[in-house]
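Asks: structure for the following, please:
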Amino acid sequence: MTDKLSETTRALDEKLRPDVSFDVVKRKLVIGGRDAALYFVDGLVKDEIFEKILEFLFKIQPEELAAIPTMEAFSRDHMPYIEVEWTLDLDEAVTQVLSGPTALLIDGVTGVLLIDTRTYPMRSISEPDKDRSMRGSRDGFVETLILNTAMIRRRIRDPRLRMEYHRVGSSSKVDVAISYIDGLVDPQVLETIRKRLLAIRVRGISMTIQGIAETLLPTNFFNPYPTSKLTERPDYVSACLLEGKIALVLDNSPSVMLFPVSFADFTKDADDYYFPPITGTFVRICRMLVSLLSVVATPVFLLYANHPALTPPFLHFLLPDTVGKISIFAQLLALEFLVEGLRLASLNTPDSLSSSLGIIGGLLLSEFAITAGWFLPETILLMAFVNISAYSQPSFEMGYAMKYERILLLILVECFSCWGLLAGVIFLIVSMLCVKTVVGHRYLYPIFPFDLHGFCRLFVRTKIGKNH
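Replies: Numbering: from 1, shown residues only. All right, here's what the predicted structure looks like:
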């Protein structure tokens, strides 16, 4: 890079094309008697702050620039704003301009000064709709990286808290922060995640969270188990960091990824730590039992309905009196897809109508199906319990994995009876044993490999002082 303004602006004009893109603005001005230029993206600059900066720049006298050879010296002697940096790399300057900072060039001064007065269109900070808590804080992550890291800093005032900045993707250039507490995190796990993140070589990261997850650890297409935990709660992320976990905070995403995780991490929720230990333990055990029932309830019901002789006497009241016009297997399978269709319809329905649609649609379909003889009351009641209990699982991704498990068990029970149920359970256990996490840990830890202390903590919410 030279100190000639004309050559530098010509190179930036070819890359940024302010003559084509209306939102990329090139502003010519004079600073200290020399020609200068500003490059910025309209809508990403704080006008009031930059107006004050320009007032100061316009007061610079020509003799003050005579002894300024580089932008490093200019930023040190003549730039009152705090968040500035300089670069000799034009590609880096282009990336920074498109990210929000303003580039300043002055004839006769080598380099580009990047002034970070950026602002982003954003929604207000509020409690996440999915990750709600009865006793917890009412703030949640938004789509702006710096605000999300600030909410974590606000909760962890430890000088060992680190926020490593990285940029991923050759076209999208997503800003990513690796957050961890030095001294608590496993150095090997941190280095693994850092290397894999920096090794990503894709043009763009679409749907940032899932794109990062798939590029960090390419998994089999048929593997439904999540290998990272997502949350929109800064208090939960802070608690996980204090336990030695690593958080990936992404720009343009309100969800934060947590590593490393195992199947046990999906049995926990933020509400566990907002109640006394005995209440938190009770809530956690109930959540695990309900989640287990949501997987095995319909396959076991199908097994007993197809083979009444296998049904224990105290469960005979569950057996249907009639079969109906279609088989019980077809009823359960059809209800799985019908309920999922109603859920998708409610997601695309305006908020004022979504609750009414779900209630009315469910009542009409169930009443009509029973009257027409297509479905039995027992199957509808059972599927209602299964789908309502699915909301006890805090992780949306794990909820879908459990749905796939339930459908697989239904098919195996229909085809192979009790041996199908046994084979299905063994297959699910083996499949989870084969799942690899980002850092290579066992997915079923602490069950396999068995750790007595970790196994007890699956069910018992210990005192917070012991966890931190």
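
Asks: quick one: contacts for L216?
Replies: Going by Cβ atoms under 8 Å, 6 or more residues apart in numbering, L216 touches 193, 196-197, 200, 228, 438. Placement of C-beta: from N, CA and C, glycine included.

Asks: if we go to 6 Å?
Replies: Shown here is L216, whose contacts under the criterion Cβ atoms under 6 Å, 6 or more residues apart in numbering are 196, 438.

Asks: what's the answer for F141, then?
Replies: 148, 232, 254.

Asks: closest one of these to A330?
Replies: Looking at those and their distance to A330, the nearest is E232, at 38.5 Å (Cβ to Cβ).

Asks: I figured the closest one hits D131, correct?
Replies: Yes - with contact defined as Cβ atoms under 6 Å, E232 and D131 form a contacting pair (4.9 Å).

Asks: if we can go back for a sec, scan the contacts of F141 and report the most crowded one.
Replies: The member of the contacts of F141 surrounded by the most neighbours (other Cβ atoms under 10 Å) is N148, with 27 neighbours in all.

Asks: which elements pack onto the strand or helix carrying it?
Replies: N148 is part of helix 145-155 when elements are defined by DSSP states H and E. Counting contacts by 3 or more Cβ pairs under 6 Å, 6 or more residues apart in numbering; DSSP states H and E, helix 145-155 is packed against helix 234-242.

Asks: compute the distance from the centre of the helix it packs on to the centre of its chain.
Replies: Taking the mean of its C-alpha atoms, helix 234-242 sits 14 Å from the chain's own mean (Cα atoms, centre = their mean, to the nearest Å).

Asks: try stretch 426-444
Replies: How far stretch 426-444 lies from its chain's middle: 21 Å, per Cα atoms, centre = their mean.

Asks: now the terminal residues of it, how far apart.
Replies: This stretch, stretch 426-444, spans 14 Å end to end (Cα to Cα, to the nearest Å).

Asks: same question, stretch 232-250
Replies: Stretch 232-250 has its terminal residues 12 Å apart, counting by Cα to Cα.

Asks: list the buried ones in that stretch?
Replies: By 16 or more other Cβ atoms under 10 Å, the buried positions in stretch 232-250 come out as 232-242, 245-250.

Asks: also stretch 383-398?
Replies: Applying a neighbour-count criterion of 16+ other Cβ under 10 Å, the buried positions in stretch 383-398 are 383, 386-387, 389-390, 392-395, 397-398.

Asks: what of stretch 130-139?
Replies: Of the residues in stretch 130-139, 131, 133, 136, 139 count as buried by neighbour count, 16+ other Cβ under 10 Å.

Asks: now stretch 263-281
Replies: Taking 16+ other Cβ under 10 Å as the neighbour-count basis, stretch 263-281 is seen to contain the buried residues 263-274, 280-281.

Asks: returning to that earlier point: can you list the buried residues of stretch 383-398 in TSV and add distance to A345, pLDDT and secondary structure?
Replies: TSV is the format used below for those (distance: Cβ to Cβ, whole Å; pLDDT from 0 to 100; DSSP: H, G, I helix; E, B strand; the rest coil):
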residue	distance to A345	pLDDT	secondary structure
M383	17	87	helix
V386	19	89	helix
N387	14	84	helix
S389	21	85	helix
A390	17	82	helix
S392	22	84	helix
Q393	21	84	coil
P394	24	82	coil
S395	23	86	coil
E397	21	87	helix
M398	23	91	helix
